[in-house]
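# What follows is a predicted protein model with its sequence.
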Amino acid sequence: MTTTLPPTRTEPLKPDGSPVRVLVVDDEQYITELLTMALQYEGWLIETVGDGASAVRTARAFQPDAVIMDMMLPDTDGLSVLRRLREQQPDVPVVFLTARDAVEDRIAGLTAGGDDYVTKPFSLAEIVIRLRGLIRRAGAADRRDDPLLVVGDLTLDEHSQEVWRGGESIRLSPTEYEVLRFLMRNARRVVSKELILDRVWSYDFGGSSNVVELYISYLRRKIDAGREPMIHTKRGVGYLLKPATA
């Protein structure tokens with residue numbers, strides 16, 4: 001069982017100011033690690049387990065606001081776990097993950113009380129969007145989100161997808177915007193190429209880290225050109241965005 005603490009900036013928060021809690025139940029470590037990275041990026045508190053018995057036991061103590069669960073677990077199936085979870089928390093949203101795409105499997109999961117159903121391989125961005133919607137509909141999250149990300153003299157509006165530095169508007173492509181958004185939401189933290197690749201290009205992308213280097217170079221030309229640099233390379237580790245020193 002692994003617990004991952006959220007970064008300092010948490011959004012959305014619950015009405016009491018605490019971070020949203022998500023329980024991830026899957027016996028494939030690679031998948032739990034990817035989901036943890038994506039959900040931690042949202043500022044949520046994540047706990048992961050690999051079997052049904054641990055899921056029921058952990059949910060009792062953790063009291064998640066949402067659950068992501070594989071349909072097939074080593075000790076039981078997801079539908080059985082769902083029934084036991086709902087005895088403890090009748091209204092907790094549950095998203096099923098499965099390698100099967102048969103219509104009858106979807107019907108079984110949703111009929112049993114699951115709120116959504118995603119087949120593998122999946123997009124991390126899609127999982128996050130679906131989970132956000134379920135959490136909001138369940139009333140767990142505070143809707144007073146600030147759309148502005150501000151790092152030094154660099155500002156990004158997540159609603160309009162506009163970017164400014166020093167009051168000057170900067171035009172970005174959709175992918176450049178997503179890379180910058182990720183860097184800004186992790187400002188003053190070194191993030192690896194692999195993490196950027198997983199978060200921006202999603203779980204089912206088959207590319208290499210070279211594409212990250214390419215888009216970092218694009219951003220530098222637009223964000224740092226003629227100015228004190230904000231995007232820094234930590235050789236052998238990754239990239240860091242922080243306010244300019246001057």
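Yep, that arrived.
# hey, let's count contacts and neighbours off CA atoms from now on
Fine.
# looking at this, residue 118 is in a strand?
Yes. Using DSSP: H, G, I helix; E, B strand; the rest coil, the assignment for residue 118 is a strand.
# dump the residue contacts of it.
95-98, 127 (CA atoms under 8 Å, 6 or more residues apart in numbering).
# Can you give me the pLDDT of it?
Taken from the predicted model, the pLDDT recorded for residue 118 is 81.
# Same check on residue 205?
Residue 205 is assigned 46 on the pLDDT scale.
# got it, and residue 196?
With respect to pLDDT, residue 196 scores 84.
# What of residue 139?
Here, the pLDDT recorded for residue 139 equals 66.
# With residue 108 instead?
Looking at residue 108, its pLDDT stands at 57.
# And residue 88, by the same measure?
Reading off the per-residue confidence, residue 88 sits at a pLDDT of 87.
# give me the element the nearest residue to it once chain neighbours are set aside is part of.
Nearest residue to residue 88 in three dimensions, chain neighbours excluded: residue 60, at 7.0 Å (CA to CA, 6 or more residues apart in numbering). Here residue 60, judged by DSSP states H and E, is contained in helix 52-62.
# Toward the C-terminus from that helix, list the very next helix or strand.
Scanning the chain past helix 52-62 towards its C-terminal end, the next helix or strand to appear is strand 66-70 (assignment: DSSP H and E).
# Show me how far that following strand is from its chain's centre.
Strand 66-70 has its C-alpha centroid displaced from the chain centroid by 14 Å (CA atoms, centre = their mean, to the nearest Å).
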